[in-house]
Every structure is written in structure tokens, then in C-alpha cells.
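Q: Structure for this input, please:
(one chain, ligands or ions: 2)
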Amino acid sequence: MMKCKKCGERASIKMTQHNMALCQEHFLDWLPQHTQRTIEKFRMFTPDDKVLVAVSGGKDSLALWDVLLGLGYRTDGIYIDLGITDPQSGLPYSAKSKKYSLQFAEQHNLNLHIVDMKQEYGETITEINHRVRHGRQKPCSICGLVKRHILNEVTREGGYPVLVTGHNLDDEAATLFGNTLTWTVDLLQRQAPLLPAMSGFARKAKPFCKLYERETAAYALMRNIAYVYEECPFAGGARTIQHKKLLNQLEKRSPGTKMQFYGNFLKAREELFAVERQPILPEEHCPVCGQPTHSGQLCAFCRLVGKM
Ligand code: SF4
Ligand code: ZN
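A: Ligands and ions are numbered 1, 2, ... in the order given. Below you'll find the model as predicted:
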């Protein structure tokens, strides 16, 4: 029997990469403490800040919201209803994830902003994708643009000092892997646990960036958090998922690989970008929405929705 490192009782989770097994009670202590250390280490925010949590209805963002509440932070949530339905099965993915997000907010008496694409801009992500690309490609790049824009807008207009997302170590390692394969320097420079606010972009933090996905999943399970199990119907086959699989194979052979890959990158990153290599930031503002843009003309988001 595997024993808890803290109390010697039967362990519920074995974390080979940390060389440690914990029972449920001690795991539920450990994970928030681990998150708190990450928040402090990268100076993400303090108890004085009102934090905006980007909620997708999935396990990571709801677990993060739960952890932040437990740690005593003041939080609001933001959910974007993208209007995504599975084209094959008809599963109303967005409706379902919205239900879980609302449910969590109501249970804990929390404020959740909801931005409904259809109501606000007249089209869902699926519809925009059909109009722009005739539905031949996945909507992910459009969806990413829309999400970044709306999250930035709500954070800034609501006066929140920071936006947090539920990205975990598996997400970060997979993104890093992708950016390294192509040596996309700008993206590597911007891949950080904390991005300070600059030229129209809100401050962004990822308090779960050092936790494995199986740890955040175990937390959600042990805390009985109801979340949407299904992935977005467009997620399958995405490059990040392929990279996650590859990294999982490596991790299986030598536990700790993902942690090392990402952790050592963060150290190297400080050196690599120490000689203030100026990130390429837009200096002009979109005449319609006021968000940063390179061109001095309509930003990509306004161009996209302007045609609605
Ligand atoms: Fe949007 Fe693509 Fe993510 Fe689905 S998988 S939520 S379409 S970015
Ligand atoms: Zn704009």
C-alpha cells in the first residue's frame, strides 16, 4: 500500500515527479499551498487585488477559482459563451460549459460576468468560422483572437488589476514544445507565468502553471467540483494535443520531464531575454474599441466582427 508522506495513511495520489504520495486530506492542503507559492514567487497578485478568473467550465479554471477562494483571494469570474456546438454529435458544448460555470458561481455566491457572442456581436464562433472560412478549417485561431480580445476588454474596463487563467503545466509544456519546434522567439518571450500590463494589455497570470494536469484533475475530483468533461469538439487533433501526447510518453519513461522542461525554460528565459530585448508591442490603438493594434487601423477583432 502506498502511504501518505504526511500522515502514513493510505495515499490517494502518487506524484512520482515530486517523489511523494499523499492522502486526500493532505493533497487538498498541498495543492493550494503549492499554488500560493507560485503566486508569491512570480508576484502575481496580493490579497488586496480583486482577481478576475477566466472560467471555461472545465476542471482547471473551476479548480483554480476554488483554490483562490480557499486561499482567501477576492475574485470575480468571466465566462465567454462562444456558441460552440459539436457539428457531428450536436452536443451543445458552450451551453454545457456555461451551465457548470454558472452553477459554481451560484454555489459560492460569486459574481460571474458573461459575454454572449451571439447577443453581443450577432454571431457565434461557429458562424463566424463559416462566414470567414466556409467552415473548412477549425475555428481555433478565430476563437483565440476573440477570447483574447474579450478577456482583455473585460479586465481593463472592470478595473481588475489582473486576469488569471487555469493553464496547467501540461498546457505550458505543450505550448513551449510547439514554440520551440518552430523557434518562435516572440512567443517564447511572452510565455511566462506572469505578463505585466503593458501598452493596453491587461496583466495576466497563470497560478497553476507548475501543477500537472493530473493534479488539477485530482483536486477537482476530490473537491466534488462539477465541470464539463467533454473537450471542445474542435480540440481533437489540435497540435497542442499531439504535443501533450508526446510529452506524456517522455514523462512516463522519466517522471519529471515536463516539470524540468518547463521549469528550466523559465530559468533560461530570464537569461535569454535579460538584455532587454524589447517585445514587439503595438503602439497604436484601434479607433473602434481602443485596444492595441499595429496598424493604426481597425484591430483584427473589430475587422472580424465588423462584418457581422
Ligand atoms: Fe476555441 Fe479551438 Fe479551444 Fe474550441 S478548441 S475553445 S474552438 S480555441
Ligand atoms: Zn478594435
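
Q: Run through the residues of the stretch 101-250 of the chain sitting next to ligand 1.
A: 139-140, 143-144, 232, 234-235 (CB under 6 Å from any ligand atom). (Each C-beta comes from the backbone N, C-alpha and C, glycine too.)

Q: any chance of those residues in a markdown table, with distance to ligand 2 and neighbour count too?
A: Output for those, formatted as a markdown table (distance: CB to the ion, whole Å; neighbours: other CB atoms under 10 Å):
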| residue | distance to ligand 2 | neighbour count |
| --- | --- | --- |
| 139 | 19 | 22 |
| 140 | 20 | 16 |
| 143 | 17 | 20 |
| 144 | 16 | 10 |
| 232 | 25 | 21 |
| 234 | 24 | 19 |
| 235 | 27 | 13 |
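
Q: from those, which is closest to residue 14?
A: For these, the closest approach to residue 14 (CB to CB) belongs to residue 235, at 27.6 Å.

Q: That closest one and residue 241 touch, don't they?
A: Yes - between residue 235 and residue 241 there is a contact under CB atoms under 8 Å: 6.5 Å.

Q: what are the ranges of the strands in the chain?
A: Listed in chain order, the strands of the chain (DSSP state E) span residues 13-15, 20-22, 50-54, 74-81, 112-116, 162-164, 194-195, 204-205, 284-285, 292-293.

Q: Can you point out the buried residues in the first one?
A: Just to be clear, that refers to strand 13-15. For strand 13-15, burial by neighbour count (16 or more other CB atoms under 10 Å) applies to 13, 15.

Q: Determine the set of other helices and strands touching that strand.
A: When contacts are defined as 3 or more CB pairs under 8 Å, 6 or more residues apart in numbering; DSSP states H and E, strand 13-15 sits against strand 20-22, helix 213-222.

Q: repeat that with 10 Å
A: With contacts defined as 3 or more CB pairs under 10 Å, 6 or more residues apart in numbering; DSSP states H and E, the packing partners of strand 13-15 are strand 20-22, helix 24-41, helix 213-222.

Q: Columns mean neighbour count on top of the ones you listed, output as TSV?
A: Output for the helices and strands packed on strand 13-15, formatted as TSV (neighbours: other CB atoms under 10 Å):
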stretch	mean neighbour count
strand 20-22	20
helix 24-41	17
helix 213-222	20
